[in-house]
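Novice: Fold the following for me, if possible:
(chains A and B)
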Amino acid sequence: GQSLEQPSEVTAVEGAIVQINCTYQTSGFYGLSWYQQHDGGAPTFLSYNALDGLEETGRFSSFLSRSDSYGYLLLQELQMKDSASYFCAVSDMDSNYQLIWGAGTKLIIKP
Amino acid sequence: SQTIHQWPATLVQPVGSPLSLECTVEGTSNPNLYWYRQAAGRGLQLLFYSVGIGQISSEVPQNLSASRPQDRQFILSSKKLLLSDSGFYLCACSVGADTQYFGPGTRLTVL
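Specialist: Take a look at the predicted model:
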């Protein structure tokens, strides 16, 4: 079957670095995406990895290891506005490239 | 870039009443379109997706239906709402296999 696992909640301190992990099981893996969702808002796209390695976009980086079926989102220099839920999602070739979504990780940032 | 419009933003409906939520897309042609539902504090559940006009695929058996009368219009409907239909409804579009863009969502409460 298809599944994604990510922690339900992570707590960090303002200014620190936090890593949110995602492991997946899919039959037709194509790529791994990360989305951010603030309370009451819609998900917004953060990053996409199709190949192994690290992709950096400002304070956010995303990593993928296809051989380990694993990826992570790294947030640096945490700010209070980064408090949100973060979802990993896999594009699956065997499901017409639909996104298979994780349950989300709630990131709590303390001052 | 794509812009997704959804309305209304919030909706309170009695059990047994009909529902029609509309989603329109600007800035792209022939997109893939999606309807998701999200319960409070939970992940995204894919309800329907469409790869073209009149082409609808349903992911879960339910009380809802979807239609795509035009290339950039996607409608979610119900003839008789149930309490369990309450949730946050999100319309999304994609062109490639990597990124989905979301509308602002409709928060539906069925009483």
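
Novice: Next, B:S57: secondary structure please.
Specialist: In three-state terms, and counting by DSSP: H, G, I helix; E, B strand; the rest coil, B:S57 is strand.

Novice: Give the buried residues for stretch A:31-51.
Specialist: Applying a neighbour-count criterion of 16 or more other CB atoms under 10 Å in any protein chain shown, one finds A:31-37, A:42-43, A:45-49 buried in stretch A:31-51. No exception for glycine: its C-beta is placed from N, CA and C like everyone else's.

Novice: Low-confidence stretches in chain B?
Specialist: For chain B, residues meeting the criterion pLDDT under 70 lie at B:61, B:97.

Novice: which helices and strands sit right next to the lowest-mean-pLDDT helix or strand in chain A?
Specialist: One helix or strand of chain A scores below all others by mean pLDDT, DSSP states H and E: strand A:98-101, with a mean of 87. Counting by 3 or more CB pairs under 8 Å, 6 or more residues apart in numbering or on different chains; DSSP states H and E, the packing neighbours recorded for strand A:98-101 are strand A:3-5, strand A:84-92, strand B:44-52.

Novice: run the last query once more with 10 Å
Specialist: Judged by 3 or more CB pairs under 10 Å, 6 or more residues apart in numbering or on different chains; DSSP states H and E, the packing partners of strand A:98-101 are strand A:3-5, strand A:29-37, strand A:84-92, strand B:32-38, strand B:44-52, strand B:87-94.

Novice: Adding distance to A:I17, write the ones you listed out as JSON lines.
Specialist: Formatted as JSON lines, the helices and strands packed on strand A:98-101 follow (distance: least, CB to CB, whole Å):
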{"stretch": "strand A:3-5", "distance to A:I17": "22"}
{"stretch": "strand A:29-37", "distance to A:I17": "16"}
{"stretch": "strand A:84-92", "distance to A:I17": "14"}
{"stretch": "strand B:32-38", "distance to A:I17": "28"}
{"stretch": "strand B:44-52", "distance to A:I17": "27"}
{"stretch": "strand B:87-94", "distance to A:I17": "30"}
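
Novice: B:F102: which of those strands is closest?
Specialist: When the helices and strands packed on strand A:98-101 are compared by CB to CB, strand B:87-94 sits nearest B:F102, at 4.7 Å.

Novice: need the next SSE after the closest one, C-terminal direction.
Specialist: Scanning forward in sequence from strand B:87-94 by DSSP states H and E, the next helix or strand is strand B:101-102.

Novice: what lines up beside that next one in the sheet?
Specialist: Paired strands of strand B:101-102, with direction, are strand B:87-94 (antiparallel) (DSSP bridges).

Novice: I am finished for the moment; much appreciated.
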